[in-house]
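Q: Build me a model from this:
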Amino acid sequence: MDMTLAELKKHPVFHYFAELSSMPRGSGNEKGVSDYLLRFAQSRNLPVIQDKALNIIIKKEATEGYGHVPAIIIQGHMDMVCEKNKGTLHNFDTEPLKLQIKGDMLYASGTTLGADNGIAVAYALALLDASDIPHPALEVVITTEEETTMKGALEVNPEHFSGEIFINLDSEEEGKLLVSSAGGITAAQGLPIQWDSPHEQTSVFQVQIGGLFGGHSGMSIQKGRGNANKLLGRFLKGLSEEFNFHLSSISGGLKSNAIPREAEAVIHVPEAHASRLPEVAAAWEETFKKELRTSDPKISVTAEKVDHLPERVYSDETTRSVIHSLMLIPNGVQSMSQEIAGLTESSTNLGVVSSTASTITFVSEIRSSVKSLKEQILKQNEVIAQVTGSTFTTQADYPEWPYRKDSKIQKLFEEVYQARYGKRPEIVAIHAGLECGIFAEKLPHIDAISLGPDMFDVHTPEEHLSIPSTIRTWEYLLSALKEMNAYYN
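A: So this is what the prediction gives:
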């Protein structure tokens, strides 16, 4: 595709996507974009609500001849995961994304693109702004903090809606209609730090695990990609079996719902063993490269000596407990669906390890399409916290979205797809968490579907969006809206 960015912006969807890309919208920092959406509706005299969670609800009357069709709730989220490559200078709080076209794909330079889920917002704004698109009554809801806590959807007041049809635009594969999704919960273990004075005859090293591919912990967990936090735990455990050492800091990952690509620790090694550490790191790198030769061939393990000597180190007990936590906390696929071939049923991702002066925190994102299995994984984490002497807390508990066999909206979208492309779309359930589950719980009468264009490597700096797929999905959506006049007659 030979197109400039300026030419691409002439399409209404990409016009609004570019506008969104100029605004900070990391999870928890959505005030600016929420206010922008509020002004958008007000300037067009569309009824609008901005609630305490900064969710935006915009309504638009049905076009002529569509008043008999049930109102449609169109939903997406305004926040994005803010990840950047190491060495990339970019402030997500103040700087716009640097969009660039490569072939027929849209990227951001060195950062996440935010097509998840800015493309849903762009679709909604283009639809609300148009005067020549036939459609039933619209109730557009754009939520906040989906990527972290799902706080926005959880705080939505169901009394604001009369719609019976629900179209979520937070899917990532064209030609697939999503009809069910997993529920999830975030679990955190807080290990209290006991401090000690560093031994005099030690050398200090910074150990780093890097070069991993990462990815969305729901969409990519089944790919077997390396988790930097878990790999660091293996390295430290192996080292502890050769000689004693102390930690003075540890960190890894940035988001609980992103498979961590990097992790690091500062360790204090007895002088007698210091010369061996780079060789040990190289040996572990070779081991990991063999294990992850397909998913993460660029993995690196380094141990570099540092000059400064921290004033204190973790005690023997705390160092052991850190290693035990990293080794014991479950990670990866826990069960596969027995009904849908290839579908991950349950998983957990040790996404973040962070520390303060008093506590080391291990944060896991737990998912399952079976509520009891989600609770079982949660209990397993709770028991591990008890064993290691850690506190245990949870947040962002959201429900699964159950499959509805008699879905009328699913059948409509299937028929429209068949008419446009001469084949049926794939009907799928996904392991990622969608806000559909929350809305289905709040509005049990709704008939829901989820769709979206092709996007790749979401939640990583390699995230990119197919431009032709985005346009085709837009046209597909408009065709389905048009057909509702006769379909719901």
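
Q: so where's the longest helix in the chain?
A: Identified as the longest helix of the chain according to DSSP state H is helix 467-487.

Q: Run the chain-centre distance for that helix.
A: Distance of helix 467-487 from its chain centroid, counting by Cα atoms, centre = their mean, to the nearest Å, is 26 Å.

Q: Stretch 261-278 now?
A: For stretch 261-278, the distance to the chain centre is 32 Å (Cα atoms, centre = their mean).

Q: which non-adjacent residue is nearest residue 423?
A: Residue nearest to residue 423 in three dimensions, not counting chain neighbours: residue 417, with 7.6 Å by Cβ to Cβ, 6 or more residues apart in numbering. In this view, the C-beta of every residue, glycine as well, is placed from N, C-alpha and C.

Q: Which parts of the helix or strand where the one you found lies count as buried, going by neighbours?
A: If you go by DSSP states H and E, residue 417 is part of helix 408-421. Within helix 408-421, the residues that count as buried by 16 or more other Cβ atoms under 10 Å are 409-410, 412-414, 416-417.

Q: Then stretch 233-243?
A: Neighbour counts over stretch 233-243 (16+ other Cβ under 10 Å) mark 233-236, 239 as buried.

Q: swap in stretch 280-294?
A: Neighbour-count burial for stretch 280-294 [16+ other Cβ under 10 Å]: 280-281, 284-285, 287-289, 292.

Q: before we move on, what about stretch 242-249?
A: Under the neighbour-count criterion of 16+ other Cβ under 10 Å, stretch 242-249 has 245-248 buried.

Q: Columns distance to residue 221, pLDDT and secondary structure on top of the residues you listed, output as TSV?
A: As requested, the buried residues of stretch 242-249 are exported to TSV (distance: Cβ to Cβ, whole Å; pLDDT from 0 to 100; DSSP: H, G, I helix; E, B strand; the rest coil):
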residue	distance to residue 221	pLDDT	secondary structure
245	32	96	coil
246	33	96	strand
247	28	97	strand
248	32	97	strand
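
Q: Moving C-terminal from the helix holding residue 417, which element do we reach first?
A: As assigned by DSSP H and E, the chain's next helix or strand after helix 408-421 is strand 426-433.

Q: helices and strands around the helix or strand following that following strand, which ones?
A: Remark: after strand 426-433, the chain's next helix or strand is helix 436-442, criterion DSSP H and E. Under the contact criterion of 3 or more Cβ pairs under 8 Å, 6 or more residues apart in numbering; DSSP states H and E, helix 436-442 touches strand 72-77, helix 151-155, strand 165-168, strand 176-192, strand 447-450.

Q: Next, report how far the third one is displaced from the centre of its chain.
A: When you say that, I think you mean strand 165-168. With Cα atoms, centre = their mean, you get 21 Å for strand 165-168.

Q: what mean pLDDT does the helix holding residue 417 have?
A: What helix 408-421 shows for mean pLDDT is 97.

Q: same check, this time on stretch 318-329
A: 98.

Q: who are the neighbours in contact with the residue nearest to residue 423?
A: 175, 177, 423-425, 476 (Cβ atoms under 8 Å, 6 or more residues apart in numbering).

Q: Buried residues in the lowest-mean-pLDDT helix or strand in the chain, which are they?
A: Least confident helix or strand, the chain: strand 426-433 with a mean of 88, by mean pLDDT, DSSP states H and E. Using 16+ other Cβ under 10 Å as the test for burial, strand 426-433 gives 427-433.

Q: Which strands border it, and is each parallel or antiparallel?
A: strand 176-192 (parallel) (DSSP bridges).

Q: all helices of the stretch 251-400 of the chain, in order?
A: 271-274, 277-291, 316-328, 371-388 (DSSP state H, counting those that start in this stretch).

Q: how distant is the third one from the center of its chain?
A: Shown here is helix 316-328, whose average C-alpha point lies 28 Å from the average C-alpha point of the whole chain (Cα atoms, centre = their mean).

Q: And it, what's buried?
A: 318-326, 328.

Q: coming back round to it: pull the CA atoms of the helix holding residue 417 into CSV?
A: What follows is helix 408-421, C-alpha atoms only, in CSV (Å, rounded to 0.1, in the frame of the first residue of the first chain):
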residue,chain,number,x,y,z
LYS,A,408,-29.8,-13.1,16.8
ILE,A,409,-27.0,-10.5,16.4
GLN,A,410,-24.5,-13.3,15.8
LYS,A,411,-26.7,-14.8,13.0
LEU,A,412,-27.1,-11.3,11.4
PHE,A,413,-23.3,-10.7,11.3
GLU,A,414,-22.7,-14.2,10.0
GLU,A,415,-25.2,-13.7,7.1
VAL,A,416,-23.8,-10.2,6.2
TYR,A,417,-20.3,-11.7,6.2
GLN,A,418,-21.4,-14.5,4.0
ALA,A,419,-23.0,-12.1,1.6
ARG,A,420,-19.9,-9.8,1.4
TYR,A,421,-17.1,-12.4,1.2
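
Q: This completes my enquiry, with thanks.
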